[in-house]
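K.L.:
sequence? don't have it. structure:
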């Protein structure tokens with residue numbers, strides 16, 4: 001079963017060290033995290049539930065959108081993770097996915113985009129672990145973060161085989 005976690009649940013840290021405010025996506029009435037720099041990041045702690053299938057690869061997709069109408073533009077999202085067991089010290093989410101998320105071409109202005117999935121290989125997490133996920137933009141092409149609105153909307157975690 002896929003689990004969707006919206007950007008509103010993430011802690012957002014800007015390149016200047018200040019929190020990135022959630023902003024309304026266009027005038028649609030919902031909010032996302034507007035990434036204005038490759039140094040902007042979104043963090044969340046996810047507790048691995050007891051019914052989560054830890055014996056399969058975990059598929060991770062990033063949901064995003066932009067106001068740029070150029071369908072040749074693309075964004076490459078990076079997801080890092082760090083699992084912490086009970087009694088273990090927290091640490092930075094420094095491990096990349098085992099299969100990285102490929103560049104995702106924009107579908108046009110304000111169109112919902114879902115990246116190709118990346119993978120965390122089976123056996124990396126245990127039930128009850130708290131996983132620190134860190135999402136950032138690794139690269140953009142045809143998008144100017146100083147002028148274009150590029151919104152991180154959330155991630156989908158899929159533990160089905």
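P.N.:
Yep, that arrived. Only a predicted model underlies this, so the values are computations on that prediction, with no experimental measurement involved.

K.L.:
could you point out where this protein is predicted with low confidence?
P.N.:
The model of the chain has pLDDT under 70 over residues 16-19, 161.

K.L.:
Geometric centre of it: which residue is closest?
P.N.:
Centroid-nearest residue in the chain, with C-alpha atoms, centre = their mean: residue 135, separated by 4.2 Å.

K.L.:
Can you classify residue 44 by secondary structure?
P.N.:
Secondary structure, DSSP: H, G, I helix; E, B strand; the rest coil: residue 44 is strand.

K.L.:
ok, it - contacts?
P.N.:
5, 9-11, 132-133 (C-beta atoms under 8 Å, 6 or more residues apart in numbering). C-beta coordinates here come from the backbone N, C-alpha and C atoms, glycine included.

K.L.:
what's near enough to touch the closest residue to residue 84 other than its chain neighbours?
P.N.:
Sequence neighbours aside, residue 130 is the residue nearest to residue 84 in space, at 5.0 Å (criterion: C-beta to C-beta, 6 or more residues apart in numbering). Neighbouring residues of residue 130 by C-beta under 8 Å, 6+ apart: 45-48, 83-84.

K.L.:
Appreciated, that's everything.
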